[in-house]
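J.: Provided below for reference: sequence and predicted model.
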Amino acid sequence: MASPLPPCTAVIYSALAIAALLLLSATAVNASQGDKEPVYQGCVTQCVRTNCTGARLRGFQSTQAPYMALTGWTCRDDCRYQCMWQTVGLYQAEGYSIPQFHGKWPFARFLCFEEPASALASLLNGLACLLMLLRYRSSVPRQSPMYYTITAFSLVSLNAWFWSTVFHTRDTYLTEKMDYFCASAVILYSIYLCCVRTLGLKRPGVSSMVGVLLILAFTSHVSYLTFVSFDYGYNMAANATIGIVNLLWWLCWCWQNRRTLPYWWKCGMVVLLLHGLALLELLDFPPLFWVLDAHAVWHLSTVPVHFLFYSFLIDDSLHLLNTEKTGVKLE
Ligand SMILES: [Zn+2]
């Protein structure tokens, strides 16, 4: 008779089954209501025809601020921006709820920043991550078994926050893809980090195999979104899937080691906070003061979590180093 699965393995398999259902039910996001409005489309066509050709276009280009030109704001983009607010004004005057445009809420632009609050929050996340990486490297000797895996994880995270800042500053075909793909890379790398810490220190072969599988998963994910269909629903479901596996895997490990690792609660808090805070995105309300939407609130809320996460990583790396020195078997 086959032996029953260990509790953690059973939980992770259940999560994978739920995740597979999520993936199957993923659907593409519909086009936004605002940009389908005839009044908006007519306004953009008229504005482009009047302002974005011949002498008017040359006038626009000669008076445009250099930072706007450098960040790729075109005459057509300005038309879209002005027409968006005209349409929003009409909706408000008629008492209708605020519509989205091209998949986004209407945001008040600040200088060249398309979504100022999310761009600032992404920058703060990146700075927190950089600060804590420097603290990690000054607190933990490089002989610690997780030193290079954690440094690499931090670099993958920093890269993602850089692209998140760029994307929220200026949404283009390229910056959107980079934001999504780099965020997926962090989520997949966090599975690798979890795998190395929980299994790979005793069985390096397992980490290598999981590493190869994750690279294959990342390549397939990016290829599908690039060459087949950029499906927002699928992307979200794929990230949620990996997130759920990651959450349960870490929580099981924390719980199993609660008696031997006094700092276990930091890890548990971080994964619960990160996944709990991600639910803020589901609120999806029109931006307060045309600046603060649910996505920006979510990005802002994760800034303090980096400090607790790296505090755990430092404690754990020092613990691993000590246990290695004293020849104690790793958890
Ligand atoms: Zn974002």
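T.: Arrived safely.
J.: and residue 205, how many neighbours does it have?
T.: 9 (other CB atoms under 10 Å). Where you see a C-beta, it was placed from the backbone N, CA and C, and this is true even at glycine.
J.: next helix or strand past the helix or strand harbouring it?
T.: Take DSSP states H and E as the rule and residue 205 turns out to sit in helix 204-223. Scanning forward in sequence from helix 204-223 by DSSP H and E, the next helix or strand is helix 232-256.
J.: Could you give the separation of that following helix from the chain centroid?
T.: Distance, stretch centre to chain centre, for helix 232-256: 13 Å (CA atoms, centre = their mean, to the nearest Å).
J.: ok, now stretch 303-316?
T.: Distance, stretch centre to chain centre, for stretch 303-316: 18 Å (CA atoms, centre = their mean).
J.: quick one: buried residues of that stretch?
T.: Residues of stretch 303-316 classed as buried by neighbour count (16 or more other CB atoms under 10 Å): 303, 305, 306, 308, 309, 310, 311, 312, 313, 314, 315, 316.
J.: What about the residues you listed, which are in helices?
T.: Judged by DSSP state H, these include 305, 306, 308, 309, 310, 311, 312, 313, 314, 315, 316 as members of helices.
J.: for the residues you listed, which one is nearest residue 56?
T.: Distance to residue 56 across these (CB to CB) is lowest for residue 306, with 47.4 Å.
J.: And the closest one, how close does it get to residue 274?
T.: In this view, residue 306 and residue 274 are 10 Å apart by CB to CB, to the nearest Å.
J.: hmm, back to that, output the buried residues of stretch 303-316 in JSON lines, with distance to residue 113 appended to each entry.
T.: Below are the buried residues of stretch 303-316 laid out as JSON lines (distance: CB to CB, whole Å):
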{"residue": "303", "distance to residue 113": "18"}
{"residue": "305", "distance to residue 113": "24"}
{"residue": "306", "distance to residue 113": "22"}
{"residue": "308", "distance to residue 113": "29"}
{"residue": "309", "distance to residue 113": "27"}
{"residue": "310", "distance to residue 113": "28"}
{"residue": "311", "distance to residue 113": "31"}
{"residue": "312", "distance to residue 113": "33"}
{"residue": "313", "distance to residue 113": "32"}
{"residue": "314", "distance to residue 113": "34"}
{"residue": "315", "distance to residue 113": "37"}
{"residue": "316", "distance to residue 113": "37"}
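J.: Just the closest of those to residue 107, please.
T.: residue 303 (20.0 Å).
J.: Just after the lowest-mean-pLDDT helix or strand in the chain, pick out the following helix or strand.
T.: Ranking every helix and strand in the chain by mean pLDDT, DSSP states H and E puts helix 7-24 at the bottom, with a mean of 44. Next in sequence after helix 7-24, counting helices and strands by DSSP H and E, comes helix 33-36.
J.: So residue 123 is in contact with residue 167, correct?
T.: No. Residue 123 lies out of contact with residue 167 (CB atoms under 8 Å); the separation is 11.9 Å.
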